[in-house]
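1. with the input below, show me the fold.
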Amino acid sequence: MSKLSAQPATHLNRTTVSFDFWIAVAFLYPVSKLLVVELIGQLYLTDILGVALLLMMTRSPDFMKRLTHLRVFFLLLGLWLASLVVTDLIRQSVPADFLRGWAKIIFFGIQVAALWLFLPRRRAYIIAFALGSSVAWGLGVSEQFEGYEWKFGYDRAAAFLLIGGICAGAYRWPALRTFSPLLIAPLAFFILFQNARSSFITLLLVAGICALVIAVERWPALQARIRVPAFAIILGFGAMGAGLVSSAYGSLAESGALGVGAQYKYEQQTAGDVPLLLGGRSESLISVRAISDSPLIGHGSWAKDRRYVELYRSLRLRLGMSVHDNYFHTRELIPTHSYMLGAWVEAGVMGAVFWLYVLTLPFAAIYQLMQRREILLPLVAYLAVGLVWAIPFSPFGATERFMAAFQIVTLLWVIRSAKGQLAVPRLIKRNSHAA
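-> Next up is the predicted model:
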């Protein structure tokens, strides 16, 4: 492993990035999710590599010290797992279900531990992982999403390619970071016309965060005065801006300006007596009902209950929303479409507590970005905004756990290094040792 400086970077000088074997490992690691075998559910090559990487990283003399920085994370993860185990015993879940449920949490924890011991040792590894993620998302779109590739993979592939390229190029040309908002915003609008609404809003917010941080950096006195109350006000304005963007999208989609597909989707999601956001994530309505029926212990791994499926169908009909009978006739799982709500439905309240903790990380990381000049600003902002969206509005399954592990590790690195608890590589001058 590379020898690390004990101080965080504070200046953005032109630098060189030397290549080592671990950069190739970081690039290929996310690509490995393209290979999957059926074993206790779907087991990805990335799961196996995570175990191998963790065992390899334990040979580093500082591995225990580094892992202690994540003690709160792993404590809450352990409580989530324990709650699920207790729930499955009480609910008498079948082995095929509880083995998959427990394995999902265990392998997720292994991913976080392995990547935490690996990626923060060099910024180059984080960038390489992002570029590898671009390849993985681009090649990993399932055939079932034919015609919706930009919503289910190409959007992230393009975002990681552009943002990873900006961060890599900024070592040599720092102006790339300065102009990153002007590079990211056009991609956001391109994706908007590909009918990928959430990715459009995510990238537009990323461009806005980058513009704000870069602007604040020009006035060090102002930067030094930004504290939690001021940051909370900034977040409030950011939320208002996101709401305005969402409203503008609705107007454009309804008018047909974004194409027939976007117009049809908008009409389907707003046909009932629910706002656009809930129209696109209506599973949350029945998830809340399932949680209220059993808030403490949950319903078990891969929670199945036809009663909630029928309630979901009835609820959609009552609200005037469309109903696809093929979905409701074949589904047994309690409908969820959220990291947090899904964990709460399955494992009980400790699943929600875990994800509520994780939800604080993006905001803490963005706050730290406003306190320092970080060359990975565009990438950290993208991972932060993506996680804020995913926790309440995306299902935690299949390959999402790999993405979440990368997001969590990068955000925790930003937070911990700012507190002086984690050594990070120093950005160094040209013709010196590589960063």
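
2. for this protein, just list every one of the strands.
-> Along the chain, counting by DSSP state E, strands occupy 36-38, 42-44.

3. pipe these into a markdown table and attach mean neighbour count per row.
-> (Each C-beta comes from the backbone N, C-alpha and C, glycine too.) Below are these laid out as a markdown table (neighbours: other C-beta atoms under 10 Å):
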| stretch | mean neighbour count |
| --- | --- |
| strand 36-38 | 11 |
| strand 42-44 | 16 |
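
4. residues near Arg71, how many?
-> A count of nearby residues for Arg71, using other C-beta atoms under 10 Å, gives 9.

5. gap between it and Arg59?
-> 21 Å (C-beta to C-beta, to the nearest Å).

6. also Leu369?
-> Counting by C-beta to C-beta, the gap from Leu369 to Arg59 is 33 Å.

7. likewise Val135?
-> 28 Å.

8. which of these two has more residues huddled nearby?
-> Val135 (17 against 8).

9. from what I see, the more buried one and Tyr29 are in contact.
-> No. Look at Val135 against Tyr29 with C-beta atoms under 8 Å: they stay out of range, at 11.0 Å.

10. what's the overlap in contacts for those two?
-> Common neighbours of Val135 and Tyr29, counting by C-beta atoms under 8 Å, 6 or more residues apart in numbering, are absent.

11. what's the neighbour count on the closest residue to Gly386 other than its chain neighbours?
-> Distance criterion C-beta to C-beta, 6 or more residues apart in numbering; nearest residue to Gly386, sequence neighbours excluded, is Thr202 at 5.8 Å. By other C-beta under 10 Å, the residues close to Thr202 number 25.

12. so who does the closest residue to Gly348 other than its chain neighbours touch?
-> Spatial nearest neighbour of Gly348, excluding adjacent residues (C-beta to C-beta, 6+ apart): Gly298 at 3.7 Å. Listed by C-beta under 8 Å, 6+ apart, the contact partners of Gly298 are 83-84, 87, 344-348, 351.

13. what's the farthest-apart pair in those residues?
-> Ser83 and Val345 (12.0 Å; C-beta to C-beta).

14. of the two, which one has the most company?
-> Comparing Ser83 with Val345 by neighbour count (other C-beta under 10 Å), the higher total belongs to Val345, at 30 against 25.

15. which non-adjacent residue is nearest the most centrally placed residue in the chain?
-> In the chain, the centroid-proximal residue (C-alpha atoms, centre = their mean) is Leu387; its distance is 3.5 Å. Computed as C-beta to C-beta, 6+ apart, the closest residue to Leu387 that is not its neighbour in sequence is Gln407, at 4.5 Å.

16. helices and strands of the protein: which one has the lowest mean pLDDT?
-> The weakest-scoring helix or strand in the chain, judged by mean pLDDT, DSSP states H and E, is helix 276-280 (a mean of 59).

17. how close does His324 get to Arg316?
-> For His324, the distance to Arg316 - C-beta to C-beta - is 9 Å.

18. please identify which of these two sits among more neighbours.
-> Shown here are His324 and Arg316; by other C-beta under 10 Å, Arg316 has more neighbours (20 against 9).

19. and for the residue nearest to the more buried one when sequence neighbours are not counted, the neighbour number?
-> Residue nearest to Arg316 in three dimensions, not counting chain neighbours: Val323, with 5.3 Å by C-beta to C-beta, 6+ apart. Val323 has 12 neighbours, counted by other C-beta under 10 Å.

20. give me the phi and psi for Val323.
-> phi -130, psi 130 (degrees, to the nearest 10).

21. contacting residues for the closest residue to Gly241 other than its chain neighbours?
-> Leaving aside its sequence neighbours, Gly241 sits nearest to Gly208 (C-beta to C-beta, 6+ apart; 6.7 Å). Residues near Gly208 by C-beta under 8 Å, 6+ apart: 181, 238, 241.

22. ok, the second one touching Leu204?
-> Which is Gly238. No. Between Gly238 and Leu204 there is no contact, the gap being 11.0 Å when judged by C-beta under 8 Å.

23. state the distance from Arg307 to Glu332.
-> 11 Å.

24. then Tyr125?
-> 42 Å.

25. just Leu139 next, same as before
-> Taken as C-beta to C-beta, the span from Leu139 to Glu332 is 31 Å.

26. same question, Ile408
-> With C-beta to C-beta as the criterion, Ile408 and Glu332 are 31 Å apart.

27. neighbour-wise, which of these two wins?
-> Neighbours were counted for Ile408 and for Glu332 using other C-beta under 10 Å; Ile408 has more, 22 against 11.

28. I'd say the more buried one and Leu387 touch.
-> Yes. Here Ile408 reaches Leu387: they are 7.4 Å apart, a contact under C-beta under 8 Å.

29. what residues are shared contacts of the two?
-> Counting by C-beta under 8 Å, 6+ apart, the shared contacts of Ile408 and Leu387 are 358, 361.

30. quick check: buried residues in stretch 399-417?
-> Across stretch 399-417, burial judged by 16 or more other C-beta atoms under 10 Å covers 399, 401-417.

31. give me the contacts around stretch 19-26.
-> 1-2, 118-119, 121-122, 124-126, 128-129, 132.

32. in the chain, which helix is the longest?
-> helix 228-255 (DSSP state H).

33. buried stuff in that one?
-> Quick answer for helix 228-255 (16+ other C-beta under 10 Å): 231, 234, 238, 242, 245-246, 249-250, 252-253.

34. among the residues you listed, which one lies nearest to Ala196?
-> Checking the buried residues of helix 228-255 one by one against Ala196 (C-beta to C-beta), the nearest turns out to be Tyr249, at 11.1 Å.

35. was I right about the closest one contacting Phe200?
-> Yes. Tyr249 lies in contact with Phe200 (C-beta under 8 Å); the separation is 7.2 Å.

36. got any residues that touch both of these two?
-> With C-beta under 8 Å, 6+ apart as the test, Tyr249 and Phe200 both reach Leu192.

37. what ranges do the helices span in the stretch 51-200 of the chain?
-> For the stretch 51-200 of the chain, the helices defined by DSSP state H, counting those that start in this stretch cover 63-68, 71-91, 95-118, 123-139, 155-170, 175-178, 180-192, 197-217.

38. just put the ones you listed in CSV and tack on distance to Ile286.
-> Listed next are the helices of the stretch 51-200 of the chain as CSV, based on distance: least, C-beta to C-beta, whole Å:
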stretch, distance to Ile286
helix 63-68, 38
helix 71-91, 18
helix 95-118, 19
helix 123-139, 29
helix 155-170, 27
helix 175-178, 44
helix 180-192, 30
helix 197-217, 21
